[in-house]
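> pasting the sequence and the predicted coordinates here, then a few questions.
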Amino acid sequence: MEYPTRAELGEILKNSKRIAVVGLSDKPNRTSYMVSEAMQNAGYEIIPVNPTIEEALGVKAVASLKEIEGPVDIVNVFRRSEQLLEVAEEFLTIDCPVFWAQLGLENKEAYDLLKSKGKTVIMDRCIKVEHALTK
């Protein structure tokens, strides 16, 4: 699997504004919350995607990607690797160019599906770390 270079990641982050976070927790001690809070503090609009919470980071949560109104620049995924294919299939139903699976998450089937549809795919990278490294 081949992913964008650090310079390309910097361009993606520079040109993005809205990040939908699949699996965002409303618990401040969870990694998804801390990473998303840092991205929100850096100026990104965060859209929590989690059917089990009401809101996170002061934003009303949606149950699925399909419920998001308007375009999304990045879908950042905090779900187990074996769930990435299911998330990727739903991702293809919305208007979004970048699928980003967090550090420790990879799934070749999801990668192949998304690449075959011309999408930018990033896996096993932390969006917060990449943002800090590419500023």
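Here it is on my side, so go on.

> center of this protein - which residue?
Asn76 (0.7 Å; Cα atoms, centre = their mean).

> ok so that one is a strand residue?
Yes - under DSSP: H, G, I helix; E, B strand; the rest coil, Asn76 sits within a strand.

> that one touches Cys96, doesn't it?
No - the criterion here is Cβ atoms under 8 Å, and Asn76 misses it with Cys96 at 10.6 Å. For the C-beta atoms, the positions are set from N, CA and C on the backbone; glycine is no exception.

> what do those two both touch?
Counting by Cβ atoms under 8 Å, 6 or more residues apart in numbering, the shared contacts of Asn76 and Cys96 are Ala20.

> so for stretch 128-135, what gets flagged as buried?
For stretch 128-135, burial by neighbour count (16 or more other Cβ atoms under 10 Å) applies to 128, 130-131.

> can you count the residues close to Val59?
15 (other Cβ atoms under 10 Å).

> scratch that, Ile46 is what I was asking about
21.

> so it, which of the three states?
strand.

> ok, what's across the strand from it?
Ile19 (DSSP bridges).

> cool, and Asn76?
Bridge pairing for Asn76 - DSSP bridges - gives Val21, Trp100.

> now the strands for the protein?
In the chain, the strands defined using DSSP state E lie at 18-22, 45-49, 55-56, 59-60, 74-77, 98-101, 120-122.

> strand partners of the fourth one, parallel vs antiparallel please.
In other words, strand 59-60. strand 55-56 (antiparallel).
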